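In: sequence below, structure please.
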Amino acid sequence: MLRYSADAALEPRGFTRLLDASRCGDEEAWSQLVRQVYGDLVRLAHRQRSEYAVPATLGTTGLVHECYLRIAGGARERIENRRHFFSLASRVMRQVLCDYARTSLRVKRGGLQQREDLDAWDAEARSEAEDLVYIDELLTQLEAQNEAWARVVECRYFAGLGDEETAETLGIALRTAQRHWSDARAWLAERMR
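Out: Presented below is the predicted three-dimensional model:
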């Protein structure tokens with residue numbers, strides 16, 4: 001279960017205070033905010049990595065750092081609050097994992113020829129990577145039709161959050177999160193047949 005730090009700076013007002021200060025150019029405030037959420041990001045990344053067949057070259061730390069670089073590189077200015085930060089982090093980690101899966105599936109040199117690989121990247125891992133890419137494509141379609149459902153799927157499927165954590169992260173009622181999850185699963189199941 002993803003738990004936010006009990007530190008006062010991570011309370012909504014403290015997080016927002018640090019976020020506002022960082023927007024005004026206070027890099028120390030941004031650094032302090034990142035230090036305080038780093039453990040939660042590591043747990044989120046670890047959960048995502050353990051869920052999918054990700055080759056060892058993309059470790060938990062690598063996933064967290066790639067997430068940080070993408071958020072700090074421009075998305076940081078649009079972060080509204082703590083919930084939005086973790087929702088964004090889940091989405092960014094999904095993108096990183098899917099990008100990595102796509103890259104891993106590409107055959108280097110030789111076009112569409114199949115290459116024989118004797119390392120850890122076996123048929124099962126390849127199949128999981130293909131599934132991950134396919135689900136990402138479906139989720140992109142779902143986003144176009146119902147963004148709220150897509151956010152819930154990201155939290156549940158990609159971040160491994162439960163009902164209550166998803167509701168908290170997205171700032172919606174528990175029952176709404178459950179209903180969106182049920183509707184989104186039905187939508188996805190229909191297209192995966």
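In: residue 91: neighbour count?
Out: Residues lying near residue 91 (other Cβ atoms under 10 Å) number 22. In this view, the C-beta of every residue, glycine as well, is placed from N, C-alpha and C.
In: same check on residue 28?
Out: 10.
In: go on, residue 148?
Out: Using other Cβ under 10 Å, residue 148 has 17 neighbouring residues.
In: what's the spacing between it and residue 176?
Out: 8 Å (Cβ to Cβ, to the nearest Å).
In: what ranges do the helices span in this structure?
Out: For the chain, the helices defined by DSSP state H cover 12-23, 27-51, 60-72, 82-105, 123-145, 147-153, 163-170, 174-192.
In: using JSON lines, lay out the ones you listed together with mean pLDDT.
Out: Formatted as JSON lines, the helices of the chain follow (pLDDT from 0 to 100):
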{"stretch": "helix 12-23", "mean pLDDT": "83"}
{"stretch": "helix 27-51", "mean pLDDT": "84"}
{"stretch": "helix 60-72", "mean pLDDT": "85"}
{"stretch": "helix 82-105", "mean pLDDT": "82"}
{"stretch": "helix 123-145", "mean pLDDT": "80"}
{"stretch": "helix 147-153", "mean pLDDT": "93"}
{"stretch": "helix 163-170", "mean pLDDT": "89"}
{"stretch": "helix 174-192", "mean pLDDT": "94"}
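In: give me the distance between the closest residue in space to residue 164 that isn't next to it in sequence and residue 129.
Out: What sits nearest to residue 164 in space, not counting adjacent residues and going by Cβ to Cβ, 6 or more residues apart in numbering, is residue 174, at 6.1 Å. Applying Cβ to Cβ, the value for residue 174 to residue 129 is 33 Å.
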